[in-house]
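Colleague: quick one: sequence plus predicted model below, questions after.
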Amino acid sequence: MTQTQSAQTEKECIFCRILAREIPSEILHRDEHCFVIRDIAPVAPVHLLVIPIQHYIHAEFISSGAAPDVEATLGHLMSVAREMAKREGIFESGYRMAVNQGPDSGQSVDHLHLHVLGGRVLAHEG
Ligand code: AMP
């Protein structure tokens, strides 16, 4: 699969449409590389999504050379997640960053995103 072969094109992508203001969602943070929203179906008291502005399907496309700045992109998402955890008051209590990647993970939106979960004790995944 290439970066453009996806069930969801950029035009149809929920996150691209949120960024384009075609679907309403409060944007909690935005910079030149990413933006942050609350998950519409939260599974924890705090459930944020840190989303790169560029429509990468998932992290594999970054590391495959589709985006040469792999560390920078992923590192930036994690750095923003950390700042958002502070803002949301879960930095000290602890939180989880998670990326679902591909069918077995249950990835439902084909646009790379980092889940930030916290606000309660989280069960181990798997
Ligand atoms: P994933 O299953 O890792 O692909 O996560 C996609 C996430 O996007 C899910 O947790 C959904 O609840 C969330 N989601 C879908 N539509 C929206 C929306 N309009 N606003 C915010 N989050 C959404």
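Modeller: In hand now; what should we look at?
Colleague: ok but Ala72 is inside a strand, no?
Modeller: No: with DSSP: H, G, I helix; E, B strand; the rest coil as the criterion, Ala72 is helix rather than part of a strand.
Colleague: how much space is there between it and the ligand?
Modeller: Applying Cβ to the nearest ligand atom, to the nearest Å, the value for Ala72 to the ligand is 22 Å. Any C-beta I mention is one placed from the backbone N, CA and C, and that applies to glycine too.
Colleague: tally of neighbours for that residue?
Modeller: 12 (other Cβ atoms under 10 Å).
Colleague: ok, it - contacts?
Modeller: Going by Cβ atoms under 8 Å, 6 or more residues apart in numbering, Ala72 touches no other residue.
Colleague: nearest residue to Gly94 other than its sequence neighbours?
Modeller: Gly118 (6.5 Å; Cβ to Cβ, 6 or more residues apart in numbering).
Colleague: hang on, Leu28 packs against Ile37?
Modeller: Yes: here Leu28 reaches Ile37: they are 6.5 Å apart, a contact under Cβ atoms under 8 Å.
Colleague: more neighbours: which of the two?
Modeller: Ile37 (20 against 15).
Colleague: list the contacts for the more buried one?
Modeller: Ile18, Ser25, Glu26, Ile27, Leu28, Leu48, Leu49, Ile51.
Colleague: if we use 7 Å, what do you get?
Modeller: Ile18, Ser25, Glu26, Ile27, Leu28, Leu49 (Cβ atoms under 7 Å, 6 or more residues apart in numbering).
Colleague: the second one contacts Ile18, correct?
Modeller: Yes: counting by Cβ atoms under 7 Å, a contact exists between Ser25 and Ile18, whose distance comes to 4.6 Å.
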